[in-house]
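1. model the structure of this input:
(chains A, B, C and D)
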There are 2 protein chains.
Amino acid sequence: MGPLRQCRKPEPFSRPPVALKQDNMIDLPSLPRQRLGEQIADVLREQILLGQLPPGKNIPERETAAALGVSRTPLREGLLVLESEGLIEMSPSKSPVVANPSFVEVSHLLLVQSALEGLAGECACDAATQDEIDRIEAKHRMMLANVEEPDQIKFFQIDMSFHEAIVASTKNPSLIKTHKQYHSRLWRVRFLSARDRSARDKAMIDHGRIAEGLRLRDKEQVSGEMRDHLRRAIDNVRIVFSEEEAATASDS
Amino acid sequence: MGPLRQCRKPEPFSRPPVALKQDNMIDLPSLPRQRLGEQIADVLREQILLGQLPPGKNIPERETAAALGVSRTPLREGLLVLESEGLIEMSPSKSPVVANPSFVEVSHLLLVQSALEGLAGECACDAATQDEIDRIEAKHRMMLANVEEPDQIKFFQIDMSFHEAIVASTKNPSLIKTHKQYHSRLWRVRFLSARDRSARDKAMIDHGRIAEGLRLRDKEQVSGEMRDHLRRAIDNVRIVFSEEEAATASDS
DNA sequence: AATTTTTGCTTGGTATACCAAATGCAGATA
DNA sequence: TATCTGCATTTGGTATACCAAGCAAAAATT
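-> Numbering: from 1, shown residues only, chains lettered A, B, ... in the order given. Down below sits the predicted model:
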């Protein structure tokens, strides 16, 4: 072999794909066998959310398939899933690339998510069991207790699980699925905008009102608060984008 | 189902070059490059919506690929798209099957769609140009003029395009895309429930209020009317399902 | 030296070959 | 006759081979 030239980022994945290896023999017969492509999508999605695959990063098919220990066909299947979710962008003759949405795009996403969560709040008042409401309130109390938590990602995960739990309590599979997709696309930017301490405090106030309304099963309150909570997030996100812009400007 | 045009020609001897030349002539100047899988998804989606592929029908991969004149790989890509849209269901070692949602599932879908259209109505008041509003009102007038139209599918298509036009005027790509997906999944059942004449009349009243609010750019009115319009549709759909159930019961 | 052409690697897109699991039918057996 | 078993067929799932397009660096031409 002559001198190989790596044309783009030659970095393989930091995480070995052992878990992905087909282990058909070990599987119990009754367990639902998940498609390999779905598993790949799950792995890549997690990497994207956690920032290990940062926005703008190329995901070449051959390289990635080799790194994951699978062939291109199921990898491609996973990439198509992520593309349909809006997490990556694919164009002919170009490597798939991790999406890097602009502020305008994010604000559009947040608007839709606000409508979805508004509906979720309304439906939850009808469909949530008392036990589910108790658990949601428990999450809220856990957040209050961890408001000083230095591990930002941990705090943020509790935050997100609070929202997820409310949506899940509606028992509306379509709503849950669509919400989850927007959730993924917004994960990173919401994480960045939630690092601010004052944003945390504001969020806690909103969550308090939401939990209160849920306890009283007051549709109007829960729906409105959830909707407005996300619409306010647009302003927080705007700040993140302007800061980022300022940073890149000073770089050059 | 005829053969599809491919974005890259791997020289199949079975394909006459004449057809390729025709395709190239018809092509729009710059943008016609679409993945084959997407085209397949479009074809199959249309067949499903029009009922040529009825709910419950199997879509075996090899057979369908042969019928479309493509290989299994891009066909499978298209099937995965339709699966992510909820139009078909795939399970291991079983042929993909056209989805046949229950009433509960449809009502869940309609709830989400009502939230999406409610948001669309609100955003349209801000984002729609006067020209777009004019066109939307024109669609409404066209519906009024065709309320006696015997070709139900034609009337229904105008009905749907009215909703689509409002959503499109928001210029929110995510909202448009998600709405379109729910639109597809609901197409068939909404078509069935719109055949009733009294349902048509009620729909026209709703549409009138929507168009009026849009002209006045009254967010509250447009948003509320669009949301309620779809929630009322749940009741119409319930009737369709109970009739269908009665029919199948008498069959046996 | 500047510009155009060539070339050769890269990329993703498609077709095909192969495999494992499920399903159904035929034939053997109690 | 009823049932069980095993083979064959059909299904979807995966891996691989091949192809055209794009791009960039090198080379040839002016």
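2. the residue in the stretch 1-150 of chain A that DNA strand D sits nearest to - nearest residue in space that isn't next to it in sequence?
-> Evaluated by CB to the nearest atom of the strand, the stretch 1-150 of chain A has A:L36 as its residue closest to DNA strand D, separated by 2.8 Å. No exception for glycine: its C-beta is placed from N, CA and C like everyone else's. Leaving aside its sequence neighbours, A:L36 sits nearest to A:P74 (CB to CB, 6 or more residues apart in numbering or on different chains; 4.1 Å).
3. please identify which helix or strand holds that neighbour.
-> Here A:P74 sits within helix A:72-84, counting by DSSP states H and E.
4. ok, and what's touching that helix?
-> For helix A:72-84, contacts defined as CB atoms under 8 Å, 6 or more residues apart in numbering or on different chains pick out A:35-41, A:43-45, A:48, A:59, A:61-62, A:64-65, A:68, A:88-90, A:96, B:37, B:73, B:76-77, B:80-81, B:84.
5. can you check stretch A:201-210 too?
-> Counting by CB under 8 Å, 6+ apart, residues outside stretch A:201-210 touching it are A:121, A:140, A:143-144, A:147, A:159, A:162, A:166, A:194, A:221-222, A:225-226, A:228-229, A:232.
6. low-confidence stretches in the stretch 151-252 of chain A?
-> Applying pLDDT under 70 to the stretch 151-252 of chain A picks out residues A:249-252.
7. need the helices for it, in chain order.
-> With DSSP state H, counting those that start in this stretch as the criterion, the stretch 151-252 of chain A has helices at A:152-168, A:173-193, A:197-216, A:219-251.
8. and the last one, does that touch chain B?
-> No: using CB under 8 Å from any CB of the partner chain, we find that helix A:219-251 stays clear of chain B, coming within 9.3 Å at best.
9. which of the residues in that helix are buried?
-> Within helix A:219-251, the residues scored as buried using 16 or more other CB atoms under 10 Å in any protein chain shown are A:219, A:221-234, A:236-237, A:240-241.
10. show me which residues of the host helix or strand of A:D126 are buried.
-> Assessed by DSSP H and E, A:D126 sits inside helix A:103-127. By 16+ other CB under 10 Å, the buried positions in helix A:103-127 come out as A:103, A:105-125.
11. need the next SSE after it, C-terminal direction.
-> helix A:130-145.
12. just checking, what packs against that following helix?
-> Identification of packing neighbours for helix A:130-145 by 3 or more CB pairs under 8 Å, 6 or more residues apart in numbering or on different chains; DSSP states H and E yields helix A:152-168, helix A:197-216.
13. could you export the ones you listed as TSV, including distance to B:F155 and mean neighbour count?
-> Below are the helices and strands packed on helix A:130-145 laid out as TSV (distance: least, CB to CB, whole Å; neighbours: other CB atoms under 10 Å in any protein chain shown):
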stretch	distance to B:F155	mean neighbour count
helix A:152-168	36	18
helix A:197-216	42	17
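14. out of these, which comes closest to B:E132?
-> helix A:152-168 (32.4 Å; CB to CB).
15. that closest one versus helix A:197-216: what angle between them?
-> 30 degrees (axes from the mean of the first three to the mean of the last three CA atoms, to 10 degrees).
16. so is helix A:152-168 next to chain B?
-> No: shown here: helix A:152-168 not in contact with chain B (CB under 8 Å from any CB), separated by at least 11.2 Å.
17. buried stuff in stretch A:67-80?
-> With burial defined by 16+ other CB under 10 Å, the residues of stretch A:67-80 counted as buried are A:67-68, A:70, A:74-80.
18. before we move on, the earlier item: return only those of the contacts of helix A:72-84 found close to DNA strand C.
-> Among the contacts of helix A:72-84, proximity to DNA strand C is found for A:59, A:61-62, A:90, A:96, B:37, B:73, B:77 (CB under 7 Å from any atom of the strand).
19. which of those fall in strands?
-> The strands, defined by DSSP state E, take in A:90, A:96 from these.
20. most surrounded residue in the ones next to DNA strand C among the contacts of helix A:72-84?
-> A:P96 (23 neighbours; other CB atoms under 10 Å in any protein chain shown).
21. I'd guessed it sits against A:L87; true?
-> No: using CB atoms under 8 Å, A:P96 is not in contact with A:L87; the gap is 9.8 Å.
22. returning to what we had before: out of the helices of the stretch 151-252 of chain A, which comes closest to DNA strand D?
-> Using CB to the nearest atom of the strand, the nearest of the helices of the stretch 151-252 of chain A to DNA strand D is helix A:173-193, at 18.9 Å.
23. which strands and helices lie in contact with the closest one?
-> Checked by 3+ CB pairs under 8 Å, 6+ apart, helix A:173-193 has helix A:36-49, helix A:103-127, helix A:152-168, helix A:219-251, helix B:103-127, helix B:173-193 packed alongside it.
24. now the angle from it to helix A:103-127?
-> 130 degrees.
25. between helix A:72-84 and helix A:173-193, find me the angle.
-> 80 degrees.
26. list the buried residues of helix A:173-193.
-> Result for helix A:173-193 [16+ other CB under 10 Å]: buried residues A:174-176, A:178-179, A:181-193.
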